[in-house]
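> Dropping a prediction and its sequence here:
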Amino acid sequence: MHDKVDTANRESRGNVRIEYGVPMRSLRLGLIGKADVVEFHKHGEKWIPFPVEYKRGKPKMDDCDKVQLCAQAICLEEMLNVEIPEGALFYGQTHHRHDVIFDKALRSETEDAAKKVHALIESGMTPKAEYSKKCKKCSLLELCLPKASSKASNYLAKVMEEE
């Protein structure tokens, strides 16, 4: 699904310019990344960015995908000195595109997530891996090894109690 978005090409469709694999950063939030797709919609004489994030699965119960998309919008806003009111999430499993409004609540949640990530990195502590159903679909499963990590943690805790 990411073949096209990972090529870093572009195309135009009337009043919409489409850029793929767009690098981005926010100095304020300390974030860097790459957007799958940024559509630029022409409004009068201005081109307004509209980030689109591609996901393999289906919409999630929490806001994690929306937070990721909002982080992209914040990066683009800082880089291009524009306001981005909305973007979209495209889910491959459902073949459906969901518009996302970047309201104050979502922006606040996104900024809090960035702060938590930086606090975690600064602490130097790796959080305990906890296996759940969503781990099966994670691209980092082979690196994280949540089942093995959990067994090792339980074993070490048990040994420490015995001593």
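Arrived safely. Quick caveat, the model's predicted, so the values are computed rather than measured.
> How far does the longest strand seen in the chain sit from its chain's centre?
As assigned by DSSP state E, the longest strand anywhere in the chain is strand 31-43. Averaged C-alpha coordinates place strand 31-43 at 13 Å from its chain's average position (Cα atoms, centre = their mean, to the nearest Å).
> What lies in contact with it?
Residues from elsewhere that reach strand 31-43, judged by Cβ atoms under 8 Å, 6 or more residues apart in numbering: 2, 5, 15-26, 47-54, 71-72, 74-76, 114. C-beta: built from backbone N, CA, C; applies to glycine.
> My read is that P146 contacts E130, right?
Yes - here P146 reaches E130: they are 6.3 Å apart, a contact under Cβ atoms under 8 Å.
> Tell me which of those two has more neighbours.
Set P146 next to E130 and count neighbours by other Cβ atoms under 10 Å: P146 wins out with 16 against 11.
> so where does the residue positioned nearest the centre of the chain fall, helix or strand?
Of all residues in the chain, the one closest to the mean position by Cα atoms, centre = their mean is Q68, 2.9 Å from it. In this assignment (DSSP states H and E), Q68 forms part of helix 64-80.
> Next, the angle from that helix to strand 31-43.
Orientation check (axes from the mean of the first three to the mean of the last three Cα atoms, to 10 degrees): helix 64-80 against strand 31-43 gives 80 degrees.
> Please compute how far helix 64-80 lies from its chain's middle.
8 Å.
> just stretch 82-92 next, same as before
Offset of stretch 82-92 from its chain centre (Cα atoms, centre = their mean): 12 Å.
> residues making contact with it?
1, 46, 48-59, 65-66, 69-70, 72-73, 76-77, 96-102.
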